[in-house]
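Colleague: output the structure for:
(one chain, ligands or ions: 1)
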Amino acid sequence: MKERLQTLKQEALDQVNSASDQRALQDVKVYYLGKKGQITDVLKGMGKLSKEERPVVGQLANEVRDEITEAIETKQQTLEKQAIEKQLQEEAVDVTLPGKPSQIGGSHLLMSVIRDIEDLFTSMGYQVAEGPEVETDYYNFEALNLPKGHPARDMQDSFYITEELLMRTHTSPVQARTMNKHEGKGPVKIICPGKVYRRDTDDATHSHQFTQIEGLYVDENIRMSDLKGTLNVLAKHLFGEDREIRLRPSFFPFTEPSVEMDISCKVCGGDGCSVCKKTGWIEILGAGLVHPNVLEMAGFDSNKYSGFAFGMGPERIAMLKYGIEDIRHFYTNDVRFLKQFHRV
Ligand code: DAH
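Modeller: Here you go, the predicted model:
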């Protein structure tokens, strides 16, 4: 029995030693010291021993039990310490590591230019109107006094979907659509931003898809001077108080008279340079007084009502304002280009 106790002790101490976690240690404890454990088993067999042997074996059994208990407790403490250290290590935060920079987005330059123009016009009582990009032949051409056979209606210039449907070539159809909704009653005072499409080959100054902003003001007694005053405010807002504007006669089927607006060249101050092609002036937009046919087709009495309209290209405005030399920069979306204008 003594030998069995010695063997058990050795075995138990070895197992305590090699227990790698608390669970394994608990198993060892149960196996040797539990109610049905090995040591208890030895103690239960004591009855069979002689009177002399009993106290000796009893004492040894107690010693062995105490030793194993102590070994388990010591090991328990070691394991707990190790667990805490491991947790501390895993949760360690290196406060000296550099932070991860977060990417902050921003508006696309074209969006910023469009919003700026929208804000200006809404502050003058205009409303923002929109229309479909897939447009009918009627609204894109007919309702704008563009007769059949007009060069702009050519298959070569427009993306047709069917005989009657095409990708709108300008934002002017929104004029006709909005006037229709007003059922012959003024005022109609709108600004219409949106995408337009043309069958152009992309290069530094052409794109098959670009943006436009249309303006329309129809009411009683709207005159050329109202148009000129409004465009003057726009030009100075966009390019600076020191800019002059001039209106040149032009032709658009939907306006009569029609004009083109130029602004004075800032680069040369009007003397003539490469930016203004030696003229001292830079062309910005087309405009005019709404053609009576356009008013009538949209249900407005042209004897009572008159109006002005204008159309401009945000790309061109942004290019002039920020010295951007290629229209394709707006659409290739290189973040190094876009980022420069996030705070515009
Ligand atoms: N729709 C014309 C274009 O795409 C621009 C334009 C010119 C719009 C004169 C107008 C206008 O409203 O009055 O070139």
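Colleague: taking the stretch 151-300 of the chain, what residue is nearest to the ligand?
Modeller: Across the stretch 151-300 of the chain, the shortest distance to the ligand (C-beta to the nearest ligand atom) belongs to residue 286, at 2.9 Å. In this view, the C-beta of every residue, glycine as well, is placed from N, C-alpha and C.
Colleague: can you name every helix or strand that the helix or strand hosting that residue contacts?
Modeller: Assigned by DSSP states H and E, residue 286 falls within strand 281-290. Under the contact criterion of 3 or more C-beta pairs under 8 Å, 6 or more residues apart in numbering; DSSP states H and E, strand 281-290 touches helix 224-239, strand 245-252, strand 255-264, strand 305-312, helix 314-322.
Colleague: the residue of the stretch 151-300 of the chain closest to the ligand and residue 215, how far apart?
Modeller: Residue 286 sits 11 Å away from residue 215, going by C-beta to C-beta, to the nearest Å.
Colleague: identify the contacts common to the two.
Modeller: Counting by C-beta atoms under 8 Å, 6 or more residues apart in numbering, the common neighbours of residue 286 and residue 215 are 310-311.
Colleague: between those two, which one's more packed in?
Modeller: residue 215 (24 against 21; other C-beta atoms under 10 Å).
Colleague: residues in contact with that one?
Modeller: 121, 126, 190-192, 230, 308-311.
Colleague: name the strands paired with the strand or helix carrying it and say parallel or antiparallel.
Modeller: Residue 215 is part of strand 209-220 when elements are defined by DSSP H and E. Taking DSSP bridges as the criterion, strand 209-220 forms sheet pairs with strand 188-197 (antiparallel), strand 305-312 (antiparallel).
Colleague: mind listing what's buried in the longest one?
Modeller: Think strand 188-197. Under the neighbour-count criterion of 16 or more other C-beta atoms under 10 Å, strand 188-197 has 188-194, 196-197 buried.
Colleague: which helix is the longest one in the chain?
Modeller: In the chain, with assignment by DSSP state H, the single longest helix is helix 53-90.
Colleague: mind checking the end-to-end distance for stretch 136-151?
Modeller: 17 Å (C-alpha to C-alpha, to the nearest Å).
Colleague: before we move on, the earlier item: identify the farthest-apart pair in the buried residues of strand 188-197.
Modeller: 189 and 197 (26.7 Å; C-beta to C-beta).
Colleague: nearest residue to residue 310 in space, please, no chain neighbours.
Modeller: Among residues not flanking residue 310 along the chain, residue 287 sits closest, at 3.6 Å (C-beta to C-beta, 6 or more residues apart in numbering).
Colleague: hang on, the earlier thing: dump the strand holding residue 215 to PDB, restricted to CA.
Modeller: Extracted C-alpha coordinates of strand 209-220, given in PDB (Å, rounded to 0.1, in the frame of the first residue of the first chain):
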ATOM      1  CA  GLN A 209     -22.100  63.300 -72.600                       C
ATOM      2  CA  PHE A 210     -21.800  66.500 -70.600                       C
ATOM      3  CA  THR A 211     -24.000  68.800 -68.500                       C
ATOM      4  CA  GLN A 212     -26.000  71.900 -69.100                       C
ATOM      5  CA  ILE A 213     -28.000  74.300 -67.000                       C
ATOM      6  CA  GLU A 214     -31.000  75.900 -68.600                       C
ATOM      7  CA  GLY A 215     -32.700  79.000 -67.200                       C
ATOM      8  CA  LEU A 216     -36.200  80.300 -68.100                       C
ATOM      9  CA  TYR A 217     -38.200  83.200 -66.800                       C
ATOM     10  CA  VAL A 218     -41.700  83.700 -68.400                       C
ATOM     11  CA  ASP A 219     -44.000  86.400 -67.100                       C
ATOM     12  CA  GLU A 220     -45.800  89.600 -68.300                       C
END
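Colleague: only the buried residues of it, if you could.
Modeller: 210-218.
Colleague: and the ligand, which of the residues you listed contact it?
Modeller: residue 214 (C-beta under 6 Å from any ligand atom).
Colleague: flag every buried residue along stretch 231-245.
Modeller: Neighbour-count burial for stretch 231-245, counted by 16+ other C-beta under 10 Å, picks out 231-232, 234-235, 237-239, 243, 245.
Colleague: contacts for it?
Modeller: 116-117, 120, 124, 228, 247, 261-264, 266, 284-285, 287, 310, 317, 320-321.
Colleague: and the buried ones among those residues, selectable in ChimeraX?
Modeller: Selecting only the buried entries of those in ChimeraX, with 16+ other C-beta under 10 Å as the criterion:
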select :117,120,228,247,261,262,263,264,266,284,285,287,310,317,320
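Colleague: residues making contact with the least confident helix or strand in the chain by mean pLDDT?
Modeller: Ranking every helix and strand in the chain by mean pLDDT, DSSP states H and E puts helix 38-44 at the bottom, with a mean of 83. Helix 38-44 is contacted from outside by 1, 4-5, 8, 12, 31-34, 57-58, 61, 64-65, 68, using C-beta under 8 Å, 6+ apart.
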